[in-house]
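J.: would you be able to build a 3D model of this:
(chains A and B)
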Protein chains: 2
Amino acid sequence: MAPRKVTIIGSGNWGSAIARIVGNTTKNHPDVFDPVVRMWVFEEVVNGEKLSDIINTRHENVKYLPGKLIPENVVAVPDLIESCEEANILIFVIPHQFVRNVCRQLRGKVASDTQAVSLIKGLSAPNAEKSGGVKLVSDDIREILGIEVSVLMGANLAHEVANDDFCEATIGCKKKAEHGMLLKKLFNRENFRINVVEDSHTVELCGALKNVVACAAGFTDGLGYGDNTKAAVIRLGLMEITKFVEHYYPGSNLETFFESCGIADLITTCYGGRNRKVCEAFVKSGKSLEEVEKELLHGQSAQGPLTAEEVYFMTEKSGLADRFPLFTAVHRICKGEMKPHEMVCCLRSHPEHMDL
Amino acid sequence: MAPRKVTIIGSGNWGSAIARIVGNTTKNHPDVFDPVVRMWVFEEVVNGEKLSDIINTRHENVKYLPGKLIPENVVAVPDLIESCEEANILIFVIPHQFVRNVCRQLRGKVASDTQAVSLIKGLSAPNAEKSGGVKLVSDDIREILGIEVSVLMGANLAHEVANDDFCEATIGCKKKAEHGMLLKKLFNRENFRINVVEDSHTVELCGALKNVVACAAGFTDGLGYGDNTKAAVIRLGLMEITKFVEHYYPGSNLETFFESCGIADLITTCYGGRNRKVCEAFVKSGKSLEEVEKELLHGQSAQGPLTAEEVYFMTEKSGLADRFPLFTAVHRICKGEMKPHEMVCCLRSHPEHMDL
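T.: Alright, predicted model coming up:
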């Protein structure tokens, strides 16, 4: 089989960090991968120069990952269609709200045996007018392009990965032998250790639902609660994640939650992430969520409240909102329908504490 | 059946916090429990008064839990044998090194249908002369007294429980219907939510082995590693806990690790606990572990290094030390046989990352 051509769709902070990894692994496995890795760059002008030119001459993404060299075999391509021509593996690493538009441009232009892998955490962007429930980014890609889609998730802050700090990540795929092991070869490095599981939906849902739990953790921090309460909130949140996945995406494996995409990413997000931070400030300042977000995130958004809304739409419609008291409380607090301190009341009679 | 008589063996910080709970639950269930709860107090004189007299008149343990009222139906008894006379339920909440001596005094003096529940985290105190491997406190009690022993563990910092902050705990027992549900009635309160699992060994081992993982987390903090690495270390530590329990105490249930005794207690310990703190300072200061412990813990000891030694004794003897690279590295670093920064090298080729 000819070496596979790899394209990275996206060149932000996370995309550039991943380009450092993939540039190396493709070079190290020339029998498996074409060492020329194309990276689609949404063109912009930085200090009078085109970003794609800067990357191709100085091998640095000066705007989104300054100070870190990108291997020279990674070639920036500003034209989306051109960047994906004859590609065998597409790595999606763009903000979730651009996925559908990018895929529509690629429709009919990628072969049906192309493999995709999504590194995008969070859910598919909802329709503008209303909540439509949880929709996975990987399902969007699969539906529009008609190709196999795996996911890569984990406790992976981009700047730490770019620093080559030791960490782990999880690849979720349909078939380990056919798709997973090839992707492991593409991403696994000395300090970026990959596990593969045949449980793609669970891996992806962990990456989205953890943000709802992080909001709850932020509320407890904002209220000044101690370690015991925070630990209970994180644990009950994890239990709701497992139940949600079990109910709406049956066939998940309990062991997947022990992977980096599960508990490891959840812990990191509940102690360090932006959803925690915004929700803590929301409680402490008494300002609206929108104000706090604007002040703290400089234009980025916290996914947790949006995900909580999509989750609530589904659980409420199925008459199951009571079985997810933490998810429901996060949504209602974000909407101003409940005070943060009332959250713990909802957890006291949690279904997890009921004896059958 | 006559209401059960309950005795709390121990009156330190944790014992006194638990007395606040048990004093209330027994009053609320007079049909099930005798509302007079005896608490064995190791007698000492505080400002010229006997501690047991202070507790029985002012209903406050001024030495170990000042400022918190203990319900009046909890009666301090300075004589161990007298405190346990005709007791149906014994709550063990003393430092682990005193357990065997206390049990020997009680031998032959408790009825064979007495139930015990151990709240003691950590392993049975090893023989003075050498490491003897992991031995559970509950097994000590069971062997010496010949009675059924359950355990209660979880993310429960004593002072937060004493503040009535919301938290969870796990009861591990042999038979849920026979032992577990009675104990749940004894401990479950509005802000102290109990789950019962028929997996006593796992619950107890989580409470001991988490301290080894907390040492590893402390090393990463001391070395200034970021969130990704810390999350990976905690996750790999948890995987080693599950493998250790599976191998040496077969019959464990994966779901038990999702309980408060599992991930919740592990998280709290790896972010807040004393083992983490001591090991961070050990790396940063370059002092010996003993020195750091003396400076930071004021006479208390960190269980992690001792547990790591017992664990290593067992894995090494079974030729399995390589399958527990994190546990082994923690032991070797504590013994000065390995530098803290070498730990990550041991994790890169962790068995968890191998594909079968």
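
J.: show me where pLDDT drops low in the stretch 251-356 of chain A?
T.: A:356 (pLDDT under 70).

J.: so which bits of it are right by chain B?
T.: Within the stretch 251-356 of chain A, the positions near chain B by CB under 8 Å from any CB of the partner chain are A:254-255, A:257-260, A:263-265, A:267-268, A:271-272, A:344, A:347-348, A:350, A:352-353, A:355. Any C-beta I mention is one placed from the backbone N, CA and C, and that applies to glycine too.

J.: out of those, which sit inside helices?
T.: Judged by DSSP state H, helices contain the following of those: A:D265, A:I267, A:T268, A:Y271, A:G272, A:V344, A:L347, A:R348.

J.: just give me the neighbour total for the fifth one.
T.: Right, the one you point to is A:G272. When neighbours are counted by other CB atoms under 10 Å in any protein chain shown, A:G272 registers 17.

J.: that one contacts B:D227, doesn't it?
T.: Yes. The pair A:G272 and B:D227 passes the contact test of CB atoms under 8 Å, sitting 4.9 Å apart.

J.: between those two, which contacts overlap?
T.: Residues touching both A:G272 and B:D227 (CB atoms under 8 Å, 6 or more residues apart in numbering or on different chains) are A:L157.

J.: returning to what we had before: list only buried entries from the ones in helices among the residues of the stretch 251-356 of chain A next to chain B.
T.: A:D265, A:I267, A:T268, A:Y271, A:G272, A:V344, A:L347 (16 or more other CB atoms under 10 Å in any protein chain shown).

J.: chain B contacts on the stretch 51-200 of chain A?
T.: Close to chain B, as judged by CB under 8 Å from any CB, the stretch 51-200 of chain A has residues A:155-157, A:160-161, A:163, A:165-168, A:176, A:181, A:184, A:190-191, A:193-196.

J.: return a ChimeraX selection command for the buried portion of those residues.
T.: A single ChimeraX command selects the buried members of these (16+ other CB under 10 Å):
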select /A:155,156,157,160,161,165,166,167,168,176,181,184,191,193,194,195,196
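
J.: just the residues of the stretch 51-200 of chain A next to chain B: which are in helices?
T.: A:E160, A:V161, A:M181, A:K184.

J.: the third one touches A:E198, doesn't it?
T.: Yep, that's A:M181 we're talking about. No. Counting by CB under 8 Å, A:M181 sits too far from A:E198 to count as a contact (11.2 Å).

J.: now the residue nearest the centre of chain A, what's its secondary structure?
T.: Nearest to the mean C-alpha position of chain A, counting by CA atoms, centre = their mean, stands A:K121 at 1.4 Å. Three-state assignment for A:K121 (DSSP: H, G, I helix; E, B strand; the rest coil): coil.

J.: what pLDDT does it get?
T.: In this prediction, A:K121 carries a pLDDT score of 89.

J.: pretty sure it contacts A:G207?
T.: Yes. Between A:K121 and A:G207 there is a contact under CB under 8 Å: 4.0 Å.

J.: just the CA trace of the helix or strand containing A:K27, in PDB.
T.: If you go by DSSP states H and E, A:K27 is part of helix A:13-28. In PDB, the C-alpha atoms belonging to helix A:13-28 read as follows (Å, rounded to 0.1, in the frame of the first residue of the first chain):
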ATOM      1  CA  ASN A  13      -3.000  26.600  18.800                       C
ATOM      2  CA  TRP A  14      -4.000  22.900  19.000                       C
ATOM      3  CA  GLY A  15      -3.600  22.300  15.300                       C
ATOM      4  CA  SER A  16      -0.100  23.700  15.300                       C
ATOM      5  CA  ALA A  17       0.800  21.700  18.400                       C
ATOM      6  CA  ILE A  18      -0.400  18.500  16.600                       C
ATOM      7  CA  ALA A  19       1.500  19.500  13.500                       C
ATOM      8  CA  ARG A  20       4.700  19.200  15.600                       C
ATOM      9  CA  ILE A  21       3.800  15.600  16.500                       C
ATOM     10  CA  VAL A  22       2.500  14.500  13.100                       C
ATOM     11  CA  GLY A  23       5.400  16.100  11.200                       C
ATOM     12  CA  ASN A  24       7.700  13.900  13.300                       C
ATOM     13  CA  THR A  25       5.800  10.600  13.200                       C
ATOM     14  CA  THR A  26       5.300  10.700   9.400                       C
ATOM     15  CA  LYS A  27       9.000  11.300   9.000                       C
ATOM     16  CA  ASN A  28       9.700   8.300  11.300                       C
END
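
J.: residues contacting it, please?
T.: Contacts of helix A:13-28 with the rest of the structure, by CB under 8 Å, 6+ apart, involve A:6, A:8-9, A:11, A:33-35, A:37, A:39, A:61, A:64-65, A:68-74, A:91, A:93-94, A:119, A:156, A:158-159, A:161-162, A:185-189, A:192.

J.: could you do stretch A:289-302 as well?
T.: By CB under 8 Å, 6+ apart, the list of residues contacting stretch A:289-302 from outside reads A:211, A:215, A:274-275, A:277-279, A:281-282, A:285, A:287, A:305, A:334.

J.: picking that back up, next up, the contacts around the residue nearest to the centre of chain A.
T.: By CB under 8 Å, 6+ apart, the neighbours of A:K121 are A:M153, A:G207, A:A208, A:Q303.

J.: who wins for neighbours among those?
T.: Counting neighbours by other CB under 10 Å, A:G207 leads those with 30 neighbours.

J.: am I right that that residue is in a helix?
T.: Yes. Membership of A:G207 in a helix is supported by three-state DSSP.

J.: still on that earlier bit, among the contacts of helix A:13-28, name the buried ones.
T.: Burial by neighbour count, 16+ other CB under 10 Å: within the contacts of helix A:13-28 this picks out A:6, A:8-9, A:11, A:33-35, A:37, A:39, A:61, A:64-65, A:68, A:70-71, A:73-74, A:91, A:93-94, A:119, A:156, A:158, A:161-162, A:185-189, A:192.

J.: which ones among these map onto strands?
T.: Judged by DSSP state E, strands contain the following of the buried ones among the contacts of helix A:13-28: A:6, A:8-9, A:33-35, A:37, A:39, A:61, A:65, A:68, A:74, A:91, A:192.

J.: want to throw these into a markdown table with distance to A:S16?
T.: Formatted as a markdown table, those follow (distance: CB to CB, whole Å):
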| residue | distance to A:S16 |
| --- | --- |
| A:V6 | 15 |
| A:I8 | 9 |
| A:I9 | 13 |
| A:F33 | 19 |
| A:D34 | 20 |
| A:P35 | 18 |
| A:V37 | 12 |
| A:M39 | 8 |
| A:N61 | 4 |
| A:L65 | 4 |
| A:K68 | 7 |
| A:V74 | 9 |
| A:I91 | 12 |
| A:F192 | 14 |
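
J.: turn those residues into TSV, columns for pLDDT.
T.: Listed next are those as TSV, based on pLDDT from 0 to 100:
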residue	pLDDT
A:V6	98
A:I8	98
A:I9	98
A:F33	98
A:D34	98
A:P35	95
A:V37	98
A:M39	98
A:N61	97
A:L65	97
A:K68	98
A:V74	98
A:I91	98
A:F192	97
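
J.: ok so, going back, what is in contact with A:K121 and A:G207 at once?
T.: Both A:K121 and A:G207 are contacted by A:M153, under the criterion CB under 8 Å, 6+ apart.

J.: quick one: buried residues of stretch A:290-309?
T.: Within stretch A:290-309, the residues that count as buried by 16+ other CB under 10 Å are A:V292, A:E293, A:L296, A:S301, A:A302, A:Q303, A:G304, A:P305, A:L306, A:T307, A:A308, A:E309.
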